[in-house]
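need a 3D model of the following:
(2 chains)
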Amino acid sequence: SQQGEEDPQALSIQEGENATMNCSYKTSINNLQWYRQNSGRGLVHLILIRSNEREKHSGRLRVTLDTSKKSSSLLITASRAADTASYFCATTGESGYSTLTFGKGTMLLVSP
Amino acid sequence: NAGVTQTPKFQVLKTGQSMTLQCAQDMNHEYMSWYRQDPGMGLRLIHYSVGAGITDQGEVPNGYNVSRSTTEDFPLRLLSAAPSQTSVYFCASSTQGGSSYGYTFGSGTRLTVV
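So this is what the prediction gives:
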């Protein structure tokens, strides 16, 4: 069964605005990862945050993790048209050495 | 270029036919997985392997077989194709099972079963 649920399912913004996507999961995790998928392409790993971390940054990306609420958020600042894609959160099991369990994704559209 | 290579990119099968989706990685990753992606369903795990000679089932294994004779290759076999197997299939690999680094995905195989 799906571990994560992203919210919203779809998000439409203008270039320059910030985009925030949320992810909730059900069971204890070792880490949570965010992936981007451009239309018709494979998934690209964006960022990984461990269960003992609360916030992580990478370029224009900021990820937060709240293990007490079993939730995470991905913030993309100063969005560009090239950020248009689907974004998925995925979790690993508590041991860490495991496969990924994905949510259903958020479709982001950034208009020029 | 280092990465995960999937072949073919597109395939049309008739119901009942069998075929093998190929997946190869050149990063010496121990972990390899197969996912299927259907509209509105995200990615679901079919089978995975934690090393040569070791495979296990994921969430949706029925109708699929895998084997892992080498570290590099992880083929997915459809035994008797059914329309319900129409999907986009992704192979992925990682080191340390995603505990420290993310997974690397192939570009996918789009399969249609008629």
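
so which residues of chain A form strands?
Remark: strands assigned in chain A by DSSP state E are A:5-7, A:10-14, A:19-24, A:31-37, A:43-50, A:55-58, A:61-66, A:71-76, A:85-91, A:101-102, A:106-111.

of those strands, which is nearest chain B?
Smallest distance to chain B across the strands of chain A (C-beta to the nearest C-beta): 2.9 Å, for strand A:43-50. (Each C-beta comes from the backbone N, C-alpha and C, glycine too.)

so residue B:21 sits in a helix?
No. Secondary structure of residue B:21 (DSSP: H, G, I helix; E, B strand; the rest coil): strand, not part of a helix.

how near is the residue lying closest to it once chain neighbours are set aside to residue B:25?
Using C-beta to C-beta, 6 or more residues apart in numbering or on different chains and skipping residues adjacent in sequence, the residue nearest residue B:21 is residue B:76, 4.4 Å away. As judged by C-beta to C-beta, to the nearest Å, residue B:76 and residue B:25 stand 14 Å apart.

overlap in contacts, these two.
residue B:91 (C-beta atoms under 8 Å, 6 or more residues apart in numbering or on different chains).

contacting residues for the closest residue to residue B:98 other than its chain neighbours?
Once flanking residues are discounted, residue B:98 sits nearest to residue A:92: 4.8 Å by C-beta to C-beta, 6+ apart. The neighbours of residue A:92, taking C-beta under 8 Å, 6+ apart as the test, are A:29, A:30, A:31, A:32, A:33, A:98, A:99, A:100, A:101, B:97, B:98, B:99.

of those residues, closest to residue A:58?
For the contacts of residue A:92, the minimum distance to residue A:58 (C-beta to C-beta) is 11.8 Å, reached by residue A:33.

partner residues bridging the closest one?
Residue A:33 has these beta-bridge partners by DSSP bridges: residue A:48, residue A:90.

residue B:86: neighbour count?
Neighbours of residue B:86 under the rule other C-beta atoms under 10 Å in any protein chain shown: 16.

I'd say residue B:78 and residue B:62 touch.
No. Residue B:78 is beyond contact range of residue B:62, at 11.0 Å (criterion: C-beta atoms under 8 Å).

report how many residues lie close to residue A:27.
By other C-beta under 10 Å, 10 other residues sit near residue A:27.

need phi/psi at it.
Residue A:27 has phi and psi values of phi -120, psi 170 when expressed as degrees, to the nearest 10.

give me the contacts around stretch B:64-71.
Residues beyond stretch B:64-71 that count as contacts (C-beta under 8 Å, 6+ apart) turn out to be B:28-30, B:32, B:34, B:46-47, B:49, B:51-55, B:74-79.

from those residues, which land in strands?
Members of the contacts of stretch B:64-71 lying in strands (criterion: DSSP E): B:32, B:34, B:46, B:47, B:49, B:51, B:54, B:55, B:76, B:77, B:78.

now the buried members of those residues.
B:32, B:34, B:46, B:47, B:49, B:55, B:76, B:78 (16 or more other C-beta atoms under 10 Å in any protein chain shown).

what would those residues look like in TSV with pLDDT?
Output for those, formatted as TSV (pLDDT from 0 to 100):
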residue	pLDDT
B:32	95
B:34	97
B:46	96
B:47	96
B:49	94
B:55	95
B:76	98
B:78	97
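
so residue B:10 touches residue B:108, yeah?
No. Residue B:10 is beyond contact range of residue B:108, at 9.6 Å (criterion: C-beta under 8 Å).

who has more neighbours out of these two?
Neighbours were counted for residue B:10 and for residue B:108 using other C-beta under 10 Å; residue B:108 has more, 23 against 9.
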